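**Student:** output the structure for:
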Amino acid sequence: MKRKLFAITMAAVLLLAGCGGGSSNGAAAPGAPGATTGPSGEYQAENDSWAAEDSWDQGAEAAPDAPMDVGSSVYQRPDAKLIRRAALEIQTEQFDQSKEALDRLVDSCEGYFENASVYSGGRLDAYASRSGEFVIRVPAEKYSQFLSSTGDLGYVVHKDESSEDVGTQYYDTEARLKTQRTKQERLLALLEKAESMEDIISLENALSDVEYQIEQYSSELNRYDGLISFSTFTVRLYEVKRVNQEVGETAPLGQRMAAGFQASVRNLSQGCQDFLIWASYNVFLLAVLAAVAAAAVVVGKRELKKLRKEDKKEPEEK
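**Tutor:** Predicted coordinates for the structure are as follows:
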């Protein structure tokens, strides 16, 4: 009788452990065929315990979807699990100073660089404009401090912010993990009472499946915790000759005309610089062109003199 009772109990636990880990599947187990017709009150108490745990599981999953006031903000909800991200594009005329300022800002906010890439000119283009792309992780409570200080790095061309509330997924995973750990404890208790090798092997296989689920849910929770506790910033830093701050269409007429005149002067100056640079790269070509032009001028003068002499001779002959 004792062995028969143990076999029935083990079969029920294996059935529960083999379910998908969701609360709805766990709650349906006590109603499965043979579950409510156990031979003893001890097994019935076992099933009642599992039903109580699964009922708690359902309540835990439903908690994040509870009604809330329309005027409340997601940032004020005690059960909110926010993943916050921001992407910025920044122009600077002094790349080295801006990079050092970024390093100091990350240190002051107790963050770290998850990834950092700096691009500069090659051997034949050593003076090319530099740029950098940085992925930065900052504690969630330092999010506003870091974001408001990025204006000190240069001119912010573009800024994009996003927030994602993963509370439903987080609490669902947490509830599933608790269910699997409870199943693990029950299987371990049964394993201590097992007598035959067949029972031991079956219980160890069930334990292996449960431990795999626990590892998966734990990894998922750890990933959520990392994303929630540390905000992610993607900063793209560009080196430019001059920070471009155009006057908007709503500016006064005088201001817009002054900006246009200044732009014309800058374009003229830049054009002269570009021509001098082009000339330095094509000095031999310019020398050849100058020689050809000089020769053409000399030949042209000689021909002009011949024509003048012929014009003077014609009247004398007449």
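
**Student:** from here on, contacts and neighbour counts on C-alpha atoms
**Tutor:** Noted.

**Student:** burial measure for residue 91, as a count.
**Tutor:** Taking other Cα atoms under 10 Å as the neighbour definition, residue 91 ends up with a count of 23.

**Student:** sorry, that was for residue 104
**Tutor:** What residue 104 shows, counting by other Cα under 10 Å, is a neighbour count of 12.

**Student:** any idea how far it is from residue 110?
**Tutor:** From residue 104 over to residue 110 the distance is 10 Å, taken as Cα to Cα, to the nearest Å.

**Student:** next: residue 174.
**Tutor:** Following Cα to Cα, the distance that separates residue 174 from residue 110 is 28 Å.

**Student:** same question, residue 275
**Tutor:** Relative to residue 110, residue 275 is positioned 48 Å away (criterion: Cα to Cα).

**Student:** so for stretch 113-123, what gets flagged as buried?
**Tutor:** Of the residues in stretch 113-123, none are scored as buried under the neighbour-count criterion (16 or more other Cα atoms under 10 Å).

**Student:** what do you get for stretch 199-207?
**Tutor:** Within stretch 199-207, the residues scored as buried using 16+ other Cα under 10 Å are 199-200, 203, 206-207.

**Student:** isn't there a strand covering residue 163?
**Tutor:** Yes - according to DSSP: H, G, I helix; E, B strand; the rest coil, the state of residue 163 is that of a strand.

**Student:** could I get the pLDDT score of it?
**Tutor:** You'll see residue 163 listed with a pLDDT of 93.

**Student:** tell me the contacts of it?
**Tutor:** Applying Cα atoms under 8 Å, 6 or more residues apart in numbering, one finds that residue 163 lies in contact with 82-85.

**Student:** ok, now residue 177?
**Tutor:** Contacts for residue 177 were tallied using Cα under 8 Å, 6+ apart; they are 213-214, 217-218.

**Student:** what about 6 Å?
**Tutor:** Residue 177 sits next to 214, 217 when contact means Cα atoms under 6 Å, 6 or more residues apart in numbering.

**Student:** returning to that earlier point: tell me which of residue 174 and residue 110 has more neighbours.
**Tutor:** The residue with the greater number of neighbours, taking residue 174 and residue 110 and applying other Cα under 10 Å, is residue 174; the counts read 18 against 12.

**Student:** what's the pLDDT at that one?
**Tutor:** Looking at residue 174, its pLDDT is 95.

**Student:** repeat for residue 268
**Tutor:** Per-residue pLDDT puts residue 268 at 77.

**Student:** count the residues that sit near it.
**Tutor:** Residue 268 has 12 neighbouring residues, counting by other Cα under 10 Å.

**Student:** before we move on, the earlier item: dump the contacts of residue 163 to CSV, plus distance to residue 94 and pLDDT.
**Tutor:** Converted to CSV, the contacts of residue 163 look like this (distance: Cα to Cα, whole Å; pLDDT from 0 to 100):
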residue, distance to residue 94, pLDDT
82, 35, 92
83, 33, 95
84, 29, 95
85, 26, 96
